[in-house]
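Asks: just to be clear, the model below is a prediction. Sequence and coordinates:
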Amino acid sequence: AQSVTQLGSHVSVSEGALVLLRCNYSSSVPPYLFWYVQYPNQGLQLLLKYTSAATLVKGINGFEAEFKKSETSFHLTKPSAHMSDAAEYFCAVRGGSTSYGKLTFGQGTILTVHP
Amino acid sequence: DTAVSQTPKYLVTQMGNDKSIKCEQNLGHDTMYWYKQDSKKFLKIMFSYNNKELIINETVPNRFSPKSPDKAHLNLHINSLELGDSAVYFCASSQGGSNTEAFFGQGTRLTVV
């Protein structure tokens, strides 16, 4: 079984500051990990994914995440926050073939960006 | 040319009614899903279909019945709606394989009054 924990339901940063959103996972098989972003009243958009190739994954809008197996983490970072980054972010894990593609999501982290 | 489209976007209905939400994907994917997002924004899978066959049913009440007429469509019918069914329902699709991402629709906000 898989599970995801996102530490911090709310993160607030100033424009131009570093963004760090934390995600820890639990999986009995090598995981595939995803970060999605949800803007108000919209669906989920994929930011990036880890699929066992490079441990440092670059995504859209300047975001990146590093897979650390020893820490079972997949934290999302962006060097410099922009006002348009304000949204809710979801980390998700997908297990092996028996999961039939099912995504297990974390609780979400709301990112607020102050001018 | 929306990849995954759901209708309607908003649905307000009274308790006890029956309603349907439709979903279509034009990505050629063979797997489709329904997820429920509750009032606390928590997302949980409800159903998954692969090539029109039900492969995941996550202990959802029998009042919820998915139907997949073909692999591009996955509809959700809900009988005898209850207040607790109020949520945002997302349709998604993916091209099989654990390393492929799911593409989500815009969601249907269901409000039961």
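Replies: Yep, that arrived.
Asks: how about B:Leu54, what does it touch?
Replies: The neighbourhood of B:Leu54, defined by C-beta atoms under 8 Å, 6 or more residues apart in numbering or on different chains, consists of B:Phe47, B:Ser48, B:Pro66, B:Ser68. Heads up, the C-betas are built off the backbone N, CA and C, glycines and all.
Asks: run a quick neighbour tally on the closest residue to B:Lys67 other than its chain neighbours.
Replies: On the basis of C-beta to C-beta, 6 or more residues apart in numbering or on different chains, the spatially nearest residue to B:Lys67 that is not a chain neighbour turns out to be B:Asn75, at 5.0 Å. Look at B:Asn75: counted by other C-beta atoms under 10 Å in any protein chain shown, it has 18 neighbours.
Asks: so B:Asn75 makes contact with B:Phe64?
Replies: No - with the criterion set as C-beta atoms under 8 Å, B:Asn75 and B:Phe64 do not qualify as a contacting pair; they are 11.2 Å apart.
Asks: what's across from residue 6 in the sheet?
Replies: Because you didn't say which chain, this covers chain A. On DSSP bridges, the residues paired with A:Gln6 through beta bridges are A:Cys23.
Asks: that's the wrong chain, I meant chain B
Replies: Beta bridges link B:Gln6 to B:Cys23, judged by DSSP bridges.
Asks: tell me which of the contacts of B:Leu54 is nearest to chain A?
Replies: Checking the contacts of B:Leu54 against chain A with C-beta to the nearest C-beta, the nearest one is B:Ser48 at 5.6 Å.
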